[in-house]
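> Sequence first, then the predicted structure, then my questions.
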Amino acid sequence: MTDMRRWIWLGVALLVAVLLYSLHNILTPFLVGILLAYLADPLVDRLERLGLSRTWGVVVVFGLFTLVLLALLLVLIPMLAKQLVRLYELAPQMLDWLEHVALPWVQSRLGLADGFWKFDKIKAAISTHMGQTTDIVGVLLSHATASGLALMAWLANMVLIPVVGFYLLRDWDLMMGKLRNLLPRQREAQVLGLAGECHEVLGAFVRGQLLVMVALGIIYSAGLMLVGLELGLLIGMLAGLAAIVPYMGFIIGIGAALVAGLFQFGGDLYPMLAIVAVFMVGQALEGMVLTPLLVGDRIGLHPVAVIFAILAGGELFGFTGVLLALPVAAVIMVLLRHVHDLYKESDLYAGDIDPEL
């Protein structure tokens, strides 16, 4: 009977996996809605403890989220768009600088042969492509017109996300209670313990790390803009996004900022030192303030596990897989730790020990 139950549970798991894979193209708004509900549930719980009803707490949280989103749309996104346009305009000059200054310097230091880089062909191909796409708005509109159905599906998903998130957040505690009541009574404590550990990891990495990413993006962007770097906001935001993997944001950000600084400031030493100082301060704040305050000493995921999970999720399920990657990796890590503990306690690990030895 026990074997039969195991086969039934295995069949159910396989069926769920097949359904997820078959429906992954339409799962994005629901997964984002679940993520929003999970992240916002502690805030709604606090509002409930202050005397608000669950529904009004959700309304307040969604109102705050809408205000933040509007602020991004009205302030941050236009600034980023200007910097993207500026990067587009500077690309030919950056290619010239790379061809006539940076690559010859590397070539002379490494003793490479003349014409080693074959940069003329690369530059010609890039320049030809850029010459055909001078009207950025026109290109975007042509792509949108050519794929109208895809655009409509994307807009529908954007509309569905807040709707799904609102209803899930309103009924979150109720759904969690019903799921708990469905647990086998004899396994309830064990399952709740595993769920608590998964929540600990998810809280540390999804909720805490996202806040660290936002804080680092603000620190890097503000510092680089104060230094006077033209692409400071763009590079700072990219460095903050890359901070989902520890030290990745620092490496990508300081590398891109130094290249942009070399191009903009030439050989001026002080702006370059200021760029390095910005990232050193950001890294120090992350290690001494942000991570202890926002993430704490809870168990996180290894950076290699994060990279593999994101790449594997994107390869298997596209954008939906990227959304699922970190939560699934966190749950798998918790389960593997318990499997490791069971293995250490099993006869397979200990073996038959001869008492005479």
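That came in fine, so what should we check first? None of these values were measured; they are calculated from a predicted model.
> shaky segments in the stretch 151-300 of the chain?
151, 153-154, 204, 267, 295-300 (pLDDT under 70).
> Which residue ranges of it form helices?
172-182, 188-202, 209-227, 232-242, 248-265, 269-285 (DSSP state H, counting those that start in this stretch).
> So which bits of the helix or strand following the last one are buried?
Moving toward the C-terminus from helix 269-285, the next helix or strand (DSSP states H and E) is helix 303-317. If you call a residue buried by 16 or more other C-beta atoms under 10 Å, then helix 303-317 has these buried ones: 305, 306, 309, 310, 313, 317. Bear in mind the C-beta positions are built from the backbone N, C-alpha and C, glycine included.
> pLDDT (mean, whole number) over helix 303-317?
The average of the pLDDT scores along helix 303-317 is 79.
> just the angle between that helix and helix 209-227, please?
Relative orientation of helix 303-317 versus helix 209-227 (axes from the mean of the first three to the mean of the last three C-alpha atoms, to 10 degrees): 100 degrees.
> What is the distance between the following helix or strand past helix 303-317 and the centre of its chain?
Scanning forward in sequence from helix 303-317, with DSSP H and E defining helices and strands, the next element found is helix 319-345. Centre-to-centre, helix 319-345 and its host chain are 18 Å apart (C-alpha atoms, centre = their mean, to the nearest Å).
> Residues contacting the helix or strand just after helix 319-345, please?
Going down the chain from helix 319-345, the next helix or strand is helix 347-350, by DSSP H and E. Among residues not part of helix 347-350, those counted as contacts by C-beta atoms under 8 Å, 6 or more residues apart in numbering are residue 343.
> Buried by neighbour count: which residues of helix 347-350 qualify?
So, applying 16+ other C-beta under 10 Å, helix 347-350 has no buried residues.
> Adjust the sequence numbering to begin at 23 for everything that follows.
Renumbered: residue one is now 23, and that last one reads helix 369-372.
> what about it, average pLDDT?
73.
> before we move on, back to that, so which of the helices of the stretch 173-322 of the chain is the most surrounded?
helix 254-264 (a mean of 23; mean count of other C-beta atoms under 10 Å).
> Tell me which residues are up against it.
101-102, 105-106, 109, 235-247, 251, 270-276, 278-279, 282, 301.
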